[in-house]
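Peer 1: the sequence and its predicted three-dimensional model are supplied below.
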Amino acid sequence: MGYDTFATACEAVSEQLALQLDGMDLELVRTLPHYKFILKDKREGDQAREITARCLPDTWSLYEQRFFQVARTVDLLIVQSHNAVAPVAVLCLEDGVYYRAATCPALERSSFTRRNEQEKHLLISMLALGLEAGEKALEALSPRSRKRYREELQDLLKKRPGRNRLL
């Protein structure tokens, strides 16, 4: 996904968040650059602490755009669709569910024998976080497939050349 397409998708997620904010018991404190928000959870009442949230089109964008340092800068990811494991909590706008950090999304398995793109993203994200479930799933694959998934993971973990993008 190119940067312009990515920015447009992030903008759409932030606009949808603005529409669904009240229904999710969240209060907008202030807006930050790069589709970040400071929010308060109304469910916690007066003791609600401020949380920093970052809008992304989907959870896989965290890996695809190489935003690994996001875990240190935000408390919550707000995504349109939750399709990968993330190191921070995730709020999915599609189904309105909060997911804890390192929670696997539910995926429907088709009758095909090959993994689809969603299952591939899920497996690679579990491996990136070092989850045991990812290692077990990887061991069940053929040696050739294991090698391919490890190579894709290493490619995702490499730092991109050029200037760092801001989160």
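Peer 2: Looks like it arrived, so ask away.
Peer 1: residue 63 against residue 84, yeah?
Peer 2: Yes - the pair residue 63 / residue 84 is scored as a contact, 6.5 Å apart, by C-beta atoms under 8 Å. (Each C-beta comes from the backbone N, C-alpha and C, glycine too.)
Peer 1: neighbour count for those two, which is higher?
Peer 2: For residue 63 versus residue 84, neighbours defined as other C-beta atoms under 10 Å are more numerous around residue 84 (26 against 21).
Peer 1: now the closest residue to the more buried one other than its chain neighbours: which helix or strand?
Peer 2: Counting by C-beta to C-beta, 6 or more residues apart in numbering, residue 84 lies nearest to residue 125, which is 3.7 Å off, once chain neighbours are set aside. Using DSSP states H and E, residue 125 sits within helix 117-128.
Peer 1: what's next to that helix, contact-wise?
Peer 2: When contacts are defined by C-beta atoms under 8 Å, 6 or more residues apart in numbering, helix 117-128 is touched by residues 59-60, 62-63, 83-86, 104-105, 107, 109, 115, 133-135, 137-138, 149-150, 152-153, 156-157.
Peer 1: any weak-confidence spans in the protein?
Peer 2: 1-3, 70, 107-115, 160-167 (pLDDT under 70).
Peer 1: so where do the strands sit in it?
Peer 2: Using DSSP state E, the strands assigned to the chain run over residues 26-32, 36-41, 50-58, 76-81, 89-92, 97-99.
Peer 1: can you redo those as TSV with distance to residue 14?
Peer 2: Shown next, in TSV, are the strands of the chain (distance: least, C-beta to C-beta, whole Å):
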stretch	distance to residue 14
strand 26-32	8
strand 36-41	8
strand 50-58	5
strand 76-81	8
strand 89-92	12
strand 97-99	18
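Peer 1: which of those strands sits most buried?
Peer 2: strand 76-81 (a mean of 23; mean count of other C-beta atoms under 10 Å).
Peer 1: and it, what does it pack against?
Peer 2: helix 3-20, strand 50-58, strand 89-92 (3 or more C-beta pairs under 8 Å, 6 or more residues apart in numbering; DSSP states H and E).
Peer 1: got the angle for it vs helix 3-20?
Peer 2: Orientation of strand 76-81 against helix 3-20 (axes from the mean of the first three to the mean of the last three C-alpha atoms, to 10 degrees) gives an angle of 100 degrees.
Peer 1: what angle sits between strand 76-81 and strand 50-58?
Peer 2: Strand 76-81 and strand 50-58 are oriented at 20 degrees to each other (the same axes, to 10 degrees).
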